[in-house]
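> sequence unknown, structure follows:
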């Protein structure tokens, strides 16, 4: 520590350190709001602030390529996916009082204990370690690309296979319900809908090929002009057709 | 730069995500917290890679390569996770992980929902499902 402290002062932070600290405070604050806010859409938007702050931290650590990948993938696609997920699951706009579990105090205790232990261990372990940010940047696109395509080609290709598998998996997960609904509607469209109880959560209205759902009187004949129906049809297929 | 800054920030972000995973009830908010934890790990990887690329002899830039792989796997994870959440929401009418206790398929026939709060929530899910069906019918008509 003495040897290190001769070249780097503890109490004389450099400009990069001050910038890192300020951006880090903003990032941490945004992360706290993300996990504590009661408005679900606001949580996604504060997540954008957190991920953008982390991209700035990567830039300050001279990892340019990672920073732009972070902006592209996380801010550009993951948050958009999360917002779509919130909309498709009918997340309430405004404050939702049941956003937090009743055991959040236990969760808070666990998180604070973990944070204290981790920060203590990390700060004690790397008290005398400095990152040398001078000289050539450690994470330019050239450096990253050379190392990626010289030393990491096989994992890179395996990762593309994994992405393909994830893509196919997501499609299969989304289409499984449609195959299910087709199986029930193939047998006989209105009677099969009648045998299945109009239970909650099933929320099936109509198959894409049929006309509007039956009237509330229980008549199974298609009655145009009655949008509110007991809805025993095929909502899944309707939803799939809407995509 | 002192290595403690990114390391401590990473630890704090990880514990924030840990709190979110444990305390949130909406499945999508849990996924957001998982993203926070993954990003904390990424920050750690990048910081240690930048440190070791100058301090060590040959590191192959393994930290940054692993960060790129983590980002790609996180994107795959969020896609699959959201597909699962949407399928569950379509099947049960809720994405509240506290109410998803039964592993069996089928709407609301799990015995856990027969207790008082579960029953109320089931009724709420019914109403919400019906309203949702009406919206879908109008949207597809």
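Yep, that arrived. Note that this is a predicted model, so its numbers are computed, not measured.
> For the residue nearest the centre of chain B, give me its contacts.
Of all residues in chain B, the one closest to the mean position by Cα atoms, centre = their mean is residue B:31, 1.1 Å from it. Contacts here follow Cβ atoms under 8 Å, 6 or more residues apart in numbering or on different chains; on that basis residue B:31 touches A:82, A:85, B:78, B:81-82, B:85. C-betas here are computed from N, CA, C, even on glycine.
> With respect to residue B:10, which of the residues you listed is nearest?
Nearest to residue B:10 among the contacts of residue B:31 is residue B:78, at 20.1 Å by Cβ to Cβ.
> secondary structure element for the residue lying farthest from the centre of chain B?
Among the C-alpha atoms of chain B, the one most distant from their mean position (Cα atoms, centre = their mean) is that of residue B:57, at 37.9 Å. With secondary structure defined by DSSP states H and E, residue B:57 is part of neither a helix nor a strand.
> got a list of what it touches?
Contact partners of residue B:57, counting by Cβ under 8 Å, 6+ apart, are absent.
> now swap in residue B:33 and tell me
Residue B:33 makes contacts with A:34-35, B:16-21, B:24, as judged by Cβ under 8 Å, 6+ apart.
> quick check, residue B:98 in a helix?
No: counting by DSSP: H, G, I helix; E, B strand; the rest coil, residue B:98 is located in no helix; its state is coil.
> And the helices in chain B?
Counting by DSSP state H, the segments of chain B that form helices are B:4-23, B:27-55, B:62-92, B:116-140.
> by contact count, what packs against the shortest one?
The elements that helix B:4-23 packs onto, with contact taken as 3 or more Cβ pairs under 8 Å, 6 or more residues apart in numbering or on different chains; DSSP states H and E, are helix A:15-36, helix A:40-60, helix A:104-125, helix B:27-55.
> ok so, going back, which of the contacts of residue B:31 ranks first by neighbour count?
Counting neighbours by other Cβ atoms under 10 Å in any protein chain shown, residue B:78 comes out on top of the contacts of residue B:31 with 26 neighbours.
> circling back to that earlier point, and the helices of chain B as TSV, adding mean pLDDT?
Shown next, in TSV, are the helices of chain B (pLDDT from 0 to 100):
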stretch	mean pLDDT
helix B:4-23	95
helix B:27-55	92
helix B:62-92	91
helix B:116-140	48
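> Dump those helices to CSV, plus distance to residue A:121.
Listed next are these as CSV, based on distance: least, Cβ to Cβ, whole Å:
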stretch, distance to residue A:121
helix B:4-23, 9
helix B:27-55, 13
helix B:62-92, 19
helix B:116-140, 41
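> could the helices and strands packed on helix B:4-23 be laid out in CSV, adding distance to residue A:72?
Output for the helices and strands packed on helix B:4-23, formatted as CSV (distance: least, Cβ to Cβ, whole Å):
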stretch, distance to residue A:72
helix A:15-36, 18
helix A:40-60, 10
helix A:104-125, 29
helix B:27-55, 14
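> nearest to residue B:74, of these?
Using Cβ to Cβ, the nearest of the helices and strands packed on helix B:4-23 to residue B:74 is helix B:27-55, at 4.8 Å.
> Return the set of buried residues in that closest one.
By neighbour count with 16 or more other Cβ atoms under 10 Å in any protein chain shown, helix B:27-55 contains the buried residues B:27-53.
> now stretch A:53-72
So for stretch A:53-72, counting by 16+ other Cβ under 10 Å, buried means A:53-67, A:69-71.
> which sections of chain A are below the confidence cut-off?
Residues of chain A meeting the criterion pLDDT under 70: A:1-12, A:176-243.
> That one: helices as residue ranges?
For chain A, applying DSSP H gives helices covering A:2-7, A:15-36, A:40-60, A:64-69, A:79-88, A:104-125, A:141-151, A:153-187, A:189-195, A:235-242.
> Which one of the ones you listed lies nearest to residue A:134?
helix A:15-36 (10.2 Å).
> out of the helices and strands packed on helix B:4-23, nearest to residue A:167?
When these are compared (using Cβ to Cβ), the closest one is helix B:27-55, at 17.8 Å.
> quick one on the thing from earlier: would you format the helices of chain A as a markdown table with distance to residue B:9 included?
Formatted as a markdown table, those follow (distance: least, Cβ to Cβ, whole Å):
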| stretch | distance to residue B:9 |
| --- | --- |
| helix A:2-7 | 21 |
| helix A:15-36 | 4 |
| helix A:40-60 | 7 |
| helix A:64-69 | 15 |
| helix A:79-88 | 20 |
| helix A:104-125 | 10 |
| helix A:141-151 | 22 |
| helix A:153-187 | 27 |
| helix A:189-195 | 55 |
| helix A:235-242 | 42 |
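> Compare those helices and give me the one nearest residue B:69.
Closest approach to residue B:69 among these is made by helix A:153-187 (5.7 Å; Cβ to Cβ).
> about what we covered before: quick check: which of the helices and strands packed on helix B:4-23 is nearest to residue B:96?
Closest to residue B:96 of those is helix B:27-55 (Cβ to Cβ; 7.6 Å).
> distance between the closest one and the chain's centre?
15 Å (Cα atoms, centre = their mean, to the nearest Å).
> now the angle between helix A:15-36 and it, please.
160 degrees (axes from the mean of the first three to the mean of the last three Cα atoms, to 10 degrees).
> Helix B:27-55 relative to helix A:104-125, how many degrees between them?
Using the same axes, to 10 degrees: helix B:27-55 against helix A:104-125 is 0 degrees.
> For residue A:138, which of the helices of chain B is the nearest?
In terms of Cβ to Cβ, the element of the helices of chain B nearest to residue A:138 is helix B:27-55, at 4.5 Å.
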